[in-house]
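S.K.: return a 3D structure for these sequence lines:
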Amino acid sequence: MYSQLDTGDKFSSNPQNGAKQFNRIRKGVRSGKIFTLVWGTLFGLTVILSARPLALIFNSDPNYISVLVAYLRIVPITYGLHGVMLISAAAMNVLKKPLRAAWLVGLEMFGFCIPVGWLLSYPLDSAGS
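M.R.: Coordinates of the predicted model:
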């Protein structure tokens, strides 16, 4: 879903299409970010609320189900924010600022995902699993 938003966002923020109309670019990026936050929240809530039935589709082992339910209740929280990052990176690429886009993606991975995963692995007792 977010890749389609990136494509539409690239169209609206392309300098050739925008002819230096930066307000139009800001409006397109802003509306894309709002949509992705709303969509990510709704989809994330759906996954969180249906975690156990989804886990039962794949396996009936209680250990497997408990791990998958925990995973499906933690990961969806990040869907909306990840979509915002994707749209921001796509807009930077279109505006011919690929290094900023790369830094943004690197910051998400090394400044957020890895540290938060490492910090939460101890209280959730999932180090290495």
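S.K.: now the residue minimising distance to the centre of the chain: how far from residue 48?
M.R.: Centroid check for the chain by CA atoms, centre = their mean gives residue 82 as the closest residue, at 2.0 Å. The span separating residue 82 from residue 48 equals 16 Å under the rule CB to CB, to the nearest Å. All C-beta atoms are positioned from the backbone trio N, CA, C, and that covers glycine.
S.K.: over to residue 99?
M.R.: With distances taken as CB to CB, residue 99 is found 36 Å from residue 48.
S.K.: neighbour count winner among these two?
M.R.: For residue 99 versus residue 48, the count of surrounding residues by other CB atoms under 10 Å is larger for residue 48: 15 against 8.
S.K.: residues contacting that one?
M.R.: Shown in contact with residue 48 (CB atoms under 8 Å, 6 or more residues apart in numbering): 72, 73, 76.
S.K.: the first one: neighbouring residues, count only.
M.R.: If I follow you right, that is residue 72. By other CB under 10 Å, neighbour count at residue 72 equals 18.
S.K.: tell me the SS of it?
M.R.: helix (DSSP: H, G, I helix; E, B strand; the rest coil).
S.K.: nearest residue to it other than its sequence neighbours?
M.R.: With CB to CB, 6 or more residues apart in numbering as the measure, residue 51 is the residue that lies nearest to residue 72, at 3.8 Å, once sequence neighbours are left out.
S.K.: what do you get for the last one?
M.R.: Leaving out its chain neighbours, the residue that sits closest to residue 76 by CB to CB, 6+ apart is residue 44, at 3.4 Å.
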